[in-house]
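*Asks:* Next come a sequence and a model predicted from it.
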Amino acid sequence: MSQNNTKLTEEEKRLFGELMPEELDEIIQSGLNRRHFMKLIGLASAGLLASHLIGAEQLFARAIDMEIEDLNPMAVENGVTVNFKVNSIEKKVLIDSRTTLLDTLRERLGLTGSKKGCDHGQCGACTVIVDGNRVLSCLTLAATCEGKSVITIEGLAKNNELNPMQSAFLKHDSFQCGFCTPGQICSAVALMKEAKEGQASYVTHNIRETVTGIALSDDEIAERMSGNICRCGAYPNIVAAIKEAQTGKNIEQTWLFAG
């Protein structure tokens, strides 16, 4: 994961100069790599990016486009070529026909934001958006995505501007370890589309009534996000972030104290 052709903005230079000065020269000369991003994640977890919000948002909003390594067709068993869009970029990749979308994204395209958690479709960490709908990429064969559009966490930001859902997650501190966060955010973005189209959930009161633009209650959000597990227990923060992203209003979290 390297971005050698990407120049740092002044805000980004200030961020690295103050928080990671020992890395600044290497980043300017060689570009950002995975080690730098892991350090940034650690700084974010410690709350040290608060005074560098502009630079941090620009860095986390960068989309990464890696070159696809060519494989020898004779070395690929049951090989098929899949043509599809990934984060609005046309991709053509040779894979084994049994390869999942998750493994294709991570191992062939270098898009490691989508996580392999349970690998059984139970945790939701691998959630991506295919043609506007959320899917579990660990249970989706990449070959079935021929001609389709796939959006991963790396493709939600546009022009160095975070998606409103990403911004809401940052504002409400809707993550701790961050492992499930890419899947949570992709699921939440697709959830907004489902609510706009009036798709019902298990807790929808009247499923016979066709309503567009459903206002999501806490119960609705919790039910619709039930396929995405957060082992750190950041659920109240996640619900608040989704509610704020949908309504555009500042949402205050409700805290329940034992005793």
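*Replies:* Nice, I can see it. Numbering: from 1, shown residues only.
*Asks:* show me where the stretch 51-200 of the chain has strands.
*Replies:* Along the stretch 51-200 of the chain, the segments classed as strands by DSSP state E, counting those that start in this stretch run 79-86, 89-96, 127-130, 133-136, 149-151.
*Asks:* would you turn these into JSON lines with mean pLDDT and distance to Thr247?
*Replies:* No exception for glycine: its C-beta is placed from N, CA and C like everyone else's. Listed next are these as JSON lines, based on pLDDT from 0 to 100; distance: least, C-beta to C-beta, whole Å:
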{"stretch": "strand 79-86", "mean pLDDT": "94", "distance to Thr247": "31"}
{"stretch": "strand 89-96", "mean pLDDT": "93", "distance to Thr247": "32"}
{"stretch": "strand 127-130", "mean pLDDT": "98", "distance to Thr247": "21"}
{"stretch": "strand 133-136", "mean pLDDT": "97", "distance to Thr247": "21"}
{"stretch": "strand 149-151", "mean pLDDT": "97", "distance to Thr247": "23"}
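*Asks:* As CSV, those strands with distance to Glu22 would be great.
*Replies:* Below are the strands of the stretch 51-200 of the chain laid out as CSV (distance: least, C-beta to C-beta, whole Å):
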stretch, distance to Glu22
strand 79-86, 34
strand 89-96, 33
strand 127-130, 35
strand 133-136, 40
strand 149-151, 35
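*Asks:* The stretch 101-250 of the chain: helices as residue ranges?
*Replies:* Using DSSP state H, counting those that start in this stretch, the helices of the stretch 101-250 of the chain run over residues 101-103, 164-171, 181-196, 218-224, 235-247.
*Asks:* Could you look over the strands of the stretch 51-200 of the chain and pick the most buried one?
*Replies:* A comparison of the strands of the stretch 51-200 of the chain by mean neighbour count, using mean count of other C-beta atoms under 10 Å, puts strand 127-130 on top with a mean of 24.
*Asks:* Sheet-wise, list the partners of that strand with their directions.
*Replies:* Here strand 127-130 is paired, per DSSP bridges, with strand 133-136 (antiparallel), strand 149-151 (antiparallel).
*Asks:* Nearest to Asn159, out of the strands of the stretch 51-200 of the chain?
*Replies:* Asn159 lies closest, by C-beta to C-beta, to one member of those: strand 89-96, at 14.6 Å.
*Asks:* on contacts alone, who are the packing partners of the closest one?
*Replies:* strand 79-86 (3 or more C-beta pairs under 8 Å, 6 or more residues apart in numbering; DSSP states H and E).
*Asks:* mind giving me the domain ranges of this structure?
*Replies:* 10-61, 73-155, 164-247 (automatic domain parsing).
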